[in-house]
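K.L.:
turn this into a model:
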Amino acid sequence: SRVKFPLGLSYDDVLLVPQKTNVLSRSRLNTTSFLTKDIKINIPIVSANMDTVTESEMAITMAMAGGVGIIHRFLTIEEQAMEVERVKRHDGFMVDEPRTIAPTDSLQAVLELIDRFGSTGFVVVDKSNKVLGILSKRDFVFEDDLTTPVSTLMTPAAKLVSAKPKTTREEARAIFKRYKIEKLPVVAGNGKLVGLITAKSLFNEAIYPISSRDRRGRLLVGAAVGVKEQDKDRVKELVRVGADIIVIDVAHGHAQSVLEMTRFLKKNYSVSVIAGNIVSSLGVSDLAKAGADGIKVGIGAGSVCVTRIVAGSGYPQFSAVLNCAAEAKKWHLPIIADQSIRAG
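P.N.:
Below you'll find the model as predicted:
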């Protein structure tokens, strides 16, 4: 008997049929979408977790624009965690654990921290976390002696403008306007550091109103992991530095190892989990049962993907998205059409 093959369509095989619209202007359209069950983004675009695409710079740009970036996993655990941390520390009304330095640190040590973390300003504290001063780039930009201690370069606490722990955005904005400063340490009554507010964060909130942020006002960011035992150590560190989303990144997501990793993540961490990649409705239901908060759809559809050439495996992307979306709707589960956006 003949085998009946289902019809599989790529994006190139279909067109959108123009219909009647009541929209008066494109500026009035709302593109807000669920990335996972619990996370919404204003622009439904995610940068790929590829080593040639997304690290901290791309993730920051994506989140500022209303999307989100996923840091790729082809880094050491420490390197990937650092990329995530750079995104989480880049913006946000108040940094709860600002980077600090000691008064005895040398300028050389400060420059090494700048090179490693990208920060250009540091609060100077003693061993009990009491604020002694602040060191900004303008304090050392013309200093040539790299052995110079921070204590001789910093703006001392006596001249420092600071804020109280419950300072509001409006109060902080007024302080920045009055004193023409860039960084505002948040200091408790005992003189100890509890946070840092930057003028840049308030400025960015105003000019990037649709940026993707967590409940504390920090930029959203995801990170990719594999399914090996050592990836559990990777997840632990990524969650510690604030990753909002963990993406299980494998070529074939409808695999027992992916289901087990999904269950492990949901059991041990309160973090959103996106799993994939899959192309079938059964793949959707199995990942949903395992606890996935979002699913990536697409195998071999990307213009640079060689899965179909090497493995002879895949499925036309339009049909894959259509079939998976129908099943995902039953589970109230968002899907991501991964890889191709033009062909597939």
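K.L.:
any weak-confidence spans in this protein?
P.N.:
Under the criterion pLDDT under 70, the flagged ranges of the chain are 1, 302-312, 343-344.
K.L.:
so which residue is dead centre in it?
P.N.:
V221 (0.9 Å; C-alpha atoms, centre = their mean).
K.L.:
wait, that residue touches G67, no?
P.N.:
No: V221 is beyond contact range of G67, at 11.0 Å (criterion: C-beta atoms under 8 Å). Backbone N, C-alpha and C define where each C-beta goes, glycine included.
K.L.:
helix or strand for the nearest residue in space to the residue nearest to the centre of the chain that is not next to it in sequence, which one?
P.N.:
Distances taken as C-beta to C-beta, 6 or more residues apart in numbering place V87 nearest to V221, at 4.0 Å, with adjacent residues excluded. Using DSSP states H and E, V87 maps to helix 77-90.
K.L.:
so how far is that helix off the chain centroid?
P.N.:
Taking C-alpha atoms, centre = their mean, to the nearest Å, one finds the center of helix 77-90 at 9 Å from the center of the full chain.
K.L.:
using CSV, list the CA coordinates for it.
P.N.:
The C-alpha coordinates for helix 77-90 follow below in CSV (Å, rounded to 0.1, in the frame of the first residue of the first chain):
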residue,chain,number,x,y,z
ILE,A,77,30.6,28.4,33.3
GLU,A,78,32.4,31.4,34.8
GLU,A,79,32.5,33.2,31.4
GLN,A,80,28.8,32.6,30.7
ALA,A,81,27.8,33.7,34.2
MET,A,82,29.8,36.9,33.7
GLU,A,83,28.0,37.7,30.5
VAL,A,84,24.6,37.2,32.2
GLU,A,85,25.8,39.4,35.2
ARG,A,86,26.9,42.2,32.8
VAL,A,87,23.3,42.3,31.4
LYS,A,88,21.7,42.3,34.9
ARG,A,89,24.0,45.0,36.2
HIS,A,90,23.9,47.2,33.1
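K.L.:
what helices and strands are in contact with it?
P.N.:
In terms of contacts (3 or more C-beta pairs under 8 Å, 6 or more residues apart in numbering; DSSP states H and E), helix 77-90 is packed against helix 56-64, strand 68-71, helix 107-117, strand 222-225, helix 230-240.
K.L.:
what about the helices in this protein?
P.N.:
56-64, 77-90, 107-117, 137-140, 169-179, 199-207, 230-240, 256-268, 281-290, 307-310, 317-330 (DSSP state H).
K.L.:
put the alpha carbons of the fourth one into PDB.
P.N.:
Taking Å, rounded to 0.1, in the frame of the first residue of the first chain, the C-alpha atoms of helix 137-140 are listed here in PDB:
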ATOM      1  CA  LYS A 137      36.600  57.500  35.800                       C
ATOM      2  CA  ARG A 138      37.100  61.200  36.000                       C
ATOM      3  CA  ASP A 139      39.100  60.600  39.300                       C
ATOM      4  CA  PHE A 140      41.800  58.600  37.600                       C
END
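K.L.:
if anything else comes up later, I'll come back, but that's it for now.
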